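[1] coordinates only, no sequence provided:
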């Protein structure tokens, strides 16, 4: 049994009916490399069962009565793998658009908190997938962010795959279930837990205070591109999320083209290019609706605070930086250069502090006290009225492997990701890569993004614009 940190429990405090805090990885496979072709759900079950050893996929969340303390992870003695596996066939021709419709339905469905918080869905009927002769299949893996942040998700996907179509012998599994503690036992632990957390907070605060002061006093230098005298402009995405319905989409291009774009600005990274592409797309999209702000759109970008030597059972370790996207700049190269300048300053400000130490301090927060307060925030729809530090948009970077991966012998040909929305954050962009392919994915709510094809066209136009300039340089 292991108690959640404050950073882990925060995602359960933010978890509501309309904003379930789960993430989803979607992998599309070519079964021609697999003996027997496309696997059945029973064959997928056997493969997943062989990968469970050492993974936290059998842990169930146990809440403390009255939210008197942070919850616990318990090795679920009632774990049944069949509760987490399902199969669905896409409707229509079986192309990527039909897959997206199926994924939207899967993304809308919350996870069952009475069981370990993950689901794996085998998606069949994909008859019109580029680069695949015959019928492809997909696997949609959905997990709760309270247990898996982006770094942990990448590690999990690596465990489920191999770098060869040859099947391997699964490791020995010495898993032992646990009996969940009763309500009185959990309540009796709460005072001692609070004392330990307070003592740990005092120690960490003493270590981190100089860094926090330095970050506060240097924030103007670290993020000079952010508006200094006014809150960031609101956009159509800076609103409450009215239901759990979702719209998804993505742009897929050659990674080599993105690498060429990096040469347009000194020191540009793949993430900088993704931000510049997002700036161009948002500029065109918002202008098309008559909603382009006069100043830059400010977005938030998560930053991993994981340490290389930490154990695998460590949960969320993230920080974030705010970046002013130059949506008010017409020239695509100028946009990229301004993005590079903004992210460079923000990274130097973060690097001057200890993000791991600050994450340690965040872990001690009594986030169990936030649940009720956030429920009131959602119920009153305060996100529609309260000023926010960003413009309702977030972009996260999930780089994938450069070598092909295989699931039980089937070659992975396309990897996509979708994340969560939050009150006041109605658009999430995910920049990803796999082998020689770059993807820029997005997720939103249909009331905030009623025309997802229009946003995809804007992303494509932004890409073409920067690609053309890269070819001319």
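    On my side now, so go ahead. Only a predicted model underlies this, so the values are computations on that prediction, with no experimental measurement involved.

[2] rest of the way, CA atoms for contacts and neighbours
    OK.

[3] give the contact list for residue 233.
    293, 295, 296, 297, 298, 390, 391 (C-alpha atoms under 8 Å, 6 or more residues apart in numbering).

[4] could you do residue 271 as well?
    397, 431.

[5] what helix or strand is it on?
    helix 270-288 (DSSP states H and E).

[6] what residues sit buried inside that helix?
    Using 16 or more other C-alpha atoms under 10 Å as the test for burial, helix 270-288 gives 270-286.

[7] equivalent analysis for stretch 102-111, please.
    Going by neighbour count (16+ other C-alpha under 10 Å), the buried part of stretch 102-111 is 102, 103, 104, 106, 107, 108, 110, 111.

[8] one more: stretch 110-120?
    Using 16+ other C-alpha under 10 Å as the test for burial, stretch 110-120 gives 110, 111, 115, 116, 117, 118, 119, 120.

[9] residue 73 is in contact with the fourth one, correct?
    No: assessed by C-alpha atoms under 8 Å, residue 116 is found out of contact with residue 73, at 9.2 Å.

[10] show me whatever sits in contact with both of the two.
    Jointly contacting residue 116 and residue 73 under the rule C-alpha under 8 Å, 6+ apart are 59, 60, 61.

[11] among those residues, which are located in strands?
    59, 60, 61 (DSSP state E).

[12] dihedrals phi and psi, residue 173?
    phi -120, psi 110 (degrees, to the nearest 10).

[13] quick one: pLDDT of it?
    Confidence at residue 173, expressed as pLDDT, is 91.

[14] just checking, it touches residue 55?
    No: contact criterion C-alpha under 8 Å: residue 173 and residue 55 do not qualify, at 10.2 Å.

[15] where does pLDDT dip in the stretch 351-473 of the chain?
    351-365 (pLDDT under 70).

[16] let's see 90
    In the prediction, the stretch 351-473 of the chain carries residues with pLDDT under 90 at positions 351-373, 398-400, 473.

[17] and residue 321, its phi and psi?
    The phi and psi values for residue 321, taken as degrees, to the nearest 10, are phi -130, psi 150.

[18] helix or strand with the lowest mean pLDDT in the protein?
    Every helix and strand in the chain was compared by mean pLDDT, DSSP states H and E; the lowest is helix 219-222, with a mean of 41.

[19] residue 174 versus residue 156, what's the distance?
    To residue 174, residue 156 is 19 Å away according to C-alpha to C-alpha, to the nearest Å.

[20] of the two, which one has the most company?
    Neighbour count, other C-alpha atoms under 10 Å: between residue 156 and residue 174, residue 156 has more, with 17 against 8.

[21] helix/strand/coil for that one?
    Look at residue 156: counting by DSSP: H, G, I helix; E, B strand; the rest coil, its state is helix.

[22] so the closest residue to residue 298 other than its chain neighbours, which state does it fall into?
    In space, and not counting its chain neighbours, residue 298 is closest to residue 324: 4.3 Å by C-alpha to C-alpha, 6 or more residues apart in numbering. Of the three states, residue 324 takes strand under three-state DSSP.

[23] for residue 324, grab the count of nearby residues.
    Neighbour count for residue 324, taken as other C-alpha under 10 Å: 25.

[24] which SSE is the residue in the chain sticking out farthest from the centre in?
    Here the chain reaches farthest from its C-alpha mean at residue 184, the gap being 35.9 Å by C-alpha atoms, centre = their mean. Assessed by DSSP H and E, residue 184 sits inside helix 183-217.

[25] contacting residues around residue 21?
    Here residue 21 is in contact with 11, 12, 14, 15, 144, 145, 146, 419, 420, 421 (C-alpha under 8 Å, 6+ apart).

[26] burial of the fifth one, as a residue count?
    Going back to what we said before, that points to residue 144. Counted by other C-alpha under 10 Å, the residues lying close to residue 144 total 24.

[27] quick revisit: so which bits of the following helix or strand past the helix holding residue 271 are buried?
    Moving toward the C-terminus from helix 270-288, the next helix or strand (DSSP H and E) is strand 297-304. Neighbour-count burial for strand 297-304 flags 297, 298, 299, 300, 301, 303, 304 (criterion: 16+ other C-alpha under 10 Å).

[28] for residue 5, state which of these is nearest.
    Within those, proximity to residue 5 (C-alpha to C-alpha) peaks at residue 304, which comes in at 16.1 Å.

[29] the residue nearest to the spatial centre of the chain: what's it in contact with?
    Residue closest to the average C-alpha location in the chain (C-alpha atoms, centre = their mean): residue 419, at 4.5 Å. Counting by C-alpha under 8 Å, 6+ apart, residue 419 touches 21, 22, 23, 24, 428, 443.

[30] burial count for the nearest residue to the last one once chain neighbours are set aside?
    The spatially closest residue to residue 443, leaving aside those adjacent along the chain, is residue 248, at 4.6 Å (C-alpha to C-alpha, 6+ apart). Residue 248 is surrounded by 23 other residues when neighbours are defined as other C-alpha under 10 Å.

[31] coming back round to it: inside helices: which ones of the buried residues of stretch 102-111?
    102, 103, 104, 106, 107, 108 (DSSP state H).

[32] would you list those in CSV and tack on pLDDT and distance to residue 237?
    Output for those, formatted as CSV (pLDDT from 0 to 100; distance: C-alpha to C-alpha, whole Å):
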residue, pLDDT, distance to residue 237
102, 97, 24
103, 97, 21
104, 97, 18
106, 97, 22
107, 96, 19
108, 95, 18
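
[33] hang on, the earlier thing: quick check: the residue nearest to residue 443 is in a strand.
    Yes: read with three-state DSSP, residue 248 is one of the residues of a strand.

[34] doesn't residue 105 make contact with it?
    No: in this structure residue 248 lies outside contact range of residue 105 using C-alpha under 8 Å: 10.1 Å.

[35] distance of residue 14 from residue 269?
    For residue 14, the distance to residue 269 - C-alpha to C-alpha - is 31 Å.

[36] again, but for residue 22
    Taking C-alpha to C-alpha, one finds residue 22 at 28 Å from residue 269.

[37] likewise residue 434?
    16 Å.

[38] please apply the same query to residue 422.
    27 Å.

[39] those two - which one has more neighbours?
    residue 422 (23 against 17).

[40] for the helix or strand hosting residue 414, give me every contacting residue.
    Here residue 414 sits within strand 410-418, counting by DSSP H and E. If you take C-alpha under 8 Å, 6+ apart as the criterion, strand 410-418 is touched by 23-34, 37-38, 131, 165, 248, 404-406, 430, 432-434, 439, 441-443.
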